[in-house]
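# Just a sequence and a predicted model for now, questions to come.
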Amino acid sequence: MAKTKLVYIWSLRNAAADQAGQHIAYKGTTRYMKSPLEYLGELLDTSPLGDIYSLEAVIHDDDEASPRDREKIGDYGFHYQPGGRWFYPPDLRIQGRRVNDLLMAVPSSYRRLPLNDPQRAAGKQMFEAQLQDRLVQLGAERVVLDGLLVILDRLVRPGALFHRRIANIHPGITRLESPYERRGACATLDALHGAQGYKIVDWKTMEQRPVPPLFKTGASFHYVDNGIDSGEVIADVLGTDIDPEDTILELRWNNFQHSLFPALRKGLEMMARAPADTPADTTV
C-alpha cells in the first residue's frame, strides 16, 4: 500500500522564539526544547504512522532578504552551519533521510511591504501560488503546518486544490465553545495570563481585564481555513497544567509534552482515516 505523501511547513522565526533544539532554563534546571518537527520524526520512525505517511519535504517561509526575519532568527541562521545553533540535531534523519536535505524555502517576501501597500495583496497571492506549485511538485497529499506565521487564503478555500488537505498544530484549544479557547499567535501567553487572573483585550496597548483564573491549557490539530485558527478541529488535547509562576518557555515546554505532541499524533491518525473532501471524525 502506497504511503500518503506528507509535507511539513513552518516559520523558522517562530521556532527560534521557542529556542527549538536548545536546552532552556526550567525551574532551576534545564530541559531540551524538542520541536514538533523532531517529534513528528519520532512518530514516523517508531510508530505505525510511519507505515501511513512519507515525509517528502520541510518547507519554511522565512525571507533571508528581510532584516526583520534575520533579526528574529538570530544566530540560528537560515541554513545549518557546523558548530552553530540549529532547530534540531543537525544529523537528524526521518525515515532514513537527513532532515537538512528535506529543508527548502518558499519565502513569504510580500511581508517586507507595508500593510497598506497596494502591492501587498498581489504579493501574498504570488506567495500562495508558489507554495501550491511546490506542493504539487512534491506530490503532497497532506500538509502539516507548525507555527506558520502567515494566514493562508486561496490555497485553502473551498474548491481549492489543497482545501481540507492542510492541517495546523496549534498550542491552544481552538474550539470557541471551550472555556479554555486560545487562538492566535499569543495563545500560550494568553493561557499564562489567564492562570494569573487577567486577559489582554488589546495586544497593541496591552489593555487588560480581570477574569476567573484557569489553570489548564491544551492544543488543537485542525484543518486550515482562511481565518485565524478557525478551521474544523480534527483532534484536541487539554492536558497541560499551568503554574502561574511559569515563564513562557516553561509553559511552552509543558504544553508541547502534555498536549501538543499528543494532539499531533492523534490528529495524524484521525486525518489518515478521513477523505480530504469529507469531515473528519472529531470525537475526542
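Great, that's in hand.
# Quick one: residues in contact with stretch 105-113.
For stretch 105-113, contacts defined as CB atoms under 8 Å, 6 or more residues apart in numbering pick out 59-66, 68, 78, 119-120, 122-124, 126-127, 130-131, 134, 150. Backbone N, C-alpha and C define where each C-beta goes, glycine included.
# Now which of those would you call buried?
59-63, 66, 78, 123-124, 127, 131, 134, 150 (16 or more other CB atoms under 10 Å).
# show me the contacts for the residue nearest to residue 27 when sequence neighbours are not counted.
Distances taken as CB to CB, 6 or more residues apart in numbering place residue 250 nearest to residue 27, at 6.7 Å, with adjacent residues excluded. Neighbour list for residue 250: 24, 26, 27, 243 [criterion: CB under 8 Å, 6+ apart].
# Now the last one: which helix or strand?
So the one you mean is residue 243. Here residue 243 sits in a region with no helix or strand, counting by DSSP states H and E.
# how far away is it from residue 28?
Relative to residue 28, residue 243 is positioned 13 Å away (CB to CB, to the nearest Å).
# Which one's more surrounded, these two?
Between residue 243 and residue 28, counted using other CB atoms under 10 Å, residue 243 has the larger neighbour count: 13 against 5.
# Reformat the buried ones among the contacts of stretch 105-113 as a markdown table; add secondary structure, pLDDT and distance to residue 7.
Shown next, in a markdown table, are the buried ones among the contacts of stretch 105-113 (DSSP: H, G, I helix; E, B strand; the rest coil; pLDDT from 0 to 100; distance: CB to CB, whole Å):
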| residue | secondary structure | pLDDT | distance to residue 7 |
| --- | --- | --- | --- |
| 59 | strand | 98 | 6 |
| 60 | strand | 98 | 12 |
| 61 | coil | 98 | 13 |
| 62 | coil | 98 | 16 |
| 63 | coil | 98 | 19 |
| 66 | coil | 98 | 23 |
| 78 | coil | 97 | 19 |
| 123 | helix | 97 | 22 |
| 124 | helix | 97 | 20 |
| 127 | helix | 98 | 16 |
| 131 | helix | 98 | 10 |
| 134 | helix | 98 | 8 |
| 150 | coil | 95 | 16 |
